[in-house]
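Asks: Fold the following.
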Amino acid sequence: MAAKTNFTPEEWNQILESVMLSGMAVSAADPSGLFGILKESMATGRTLLQAKADPSSNDLIKAVVNDFESGDGRQAARNQVQARLKGVAIGDMKNKSIGALHEVAQLIDNKAPNEAVGFKTWLRHIAENAAEASAEGGFMGFGGTPVSDKEKATLAELANALGLAA
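Replies: Residues are numbered from 1 along each chain as shown. Predicted coordinates:
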């Protein structure tokens, strides 16, 4: 049973950050304009809400969702993301995000092994929801591909970084 107290404050901020980075990796892989980015970020928020109501969410997921409900938790996640991505070009954001997710996967494997697979699967689910939130290509929201080839490749990279089957 993992909780916030199992981690140092710095480690906990990395875990909080991972929620945002999982969606951002997909968004950065194939940017889909302002409305696309908004839809993808809203998908991350919806996934957080779903996890709160899901009785199968493990204790680590519930602790993260709890922290995101507080202003302090959201701010800590934002600050961590901003510090990590400061000065990073949009083209490098995907790789930087995936690298950070790999670090979090290792951290959780070491400190919360019973919740690790569930948490990492949840991070992948966040990324998948972000990828499916906005069609790529098309015109003014019509047509296009639900998930682009670049997003599919990024989802596979993300799964690999988390130590999950693609």
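Asks: The spatially most central residue of the chain and Arg124, how far apart?
Replies: Centroid-nearest residue in the chain: Ser22, 2.2 Å away (criterion: CA atoms, centre = their mean). Separation of Ser22 from Arg124 (CB to CB, to the nearest Å) stands at 7 Å. For every residue, glycine as well, the C-beta is placed using N, CA and C.
Asks: And Leu162, by the same measure?
Replies: 6 Å.
Asks: re earlier: from Thr5, how far off is the residue nearest to the centre of the chain?
Replies: Where Thr5 is concerned, Ser22 sits at a distance of 24 Å (CB to CB).
Asks: May I have the phi/psi pair for Ala112?
Replies: phi -140, psi 60 (degrees, to the nearest 10).
Asks: Oops, could you answer that again for Leu164 instead?
Replies: Main-chain dihedrals, Leu164, degrees, to the nearest 10: phi -110, psi 160.
Asks: Please report the distance of it from Arg124.
Replies: For Leu164, the distance to Arg124 equals 6 Å [CB to CB].
Asks: Between those two, point out the one with more neighbours.
Replies: Counting neighbours by other CB atoms under 10 Å for Leu164 and for Arg124 shows that Arg124 has the greater number, 20 against 14.
Asks: can you pull the contacts of the more buried one?
Replies: Contacts for Arg124 (CB atoms under 8 Å, 6 or more residues apart in numbering) come out as 22, 155, 158-159, 162, 164.
Asks: any chance of these in a markdown table, with distance to Val64 and pLDDT too?
Replies: Shown next, in a markdown table, are those (distance: CB to CB, whole Å; pLDDT from 0 to 100):
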| residue | distance to Val64 | pLDDT |
| --- | --- | --- |
| Ser22 | 12 | 91 |
| Leu155 | 21 | 93 |
| Leu158 | 17 | 95 |
| Ala159 | 19 | 96 |
| Leu162 | 15 | 97 |
| Leu164 | 18 | 95 |
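Asks: May I see those organised as TSV, with distance to Lys86 added?
Replies: Listed next are these as TSV, based on distance: CB to CB, whole Å:
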residue	distance to Lys86
Ser22	19
Leu155	26
Leu158	22
Ala159	27
Leu162	24
Leu164	29
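Asks: Before I go, just wanted to say thanks for your time.
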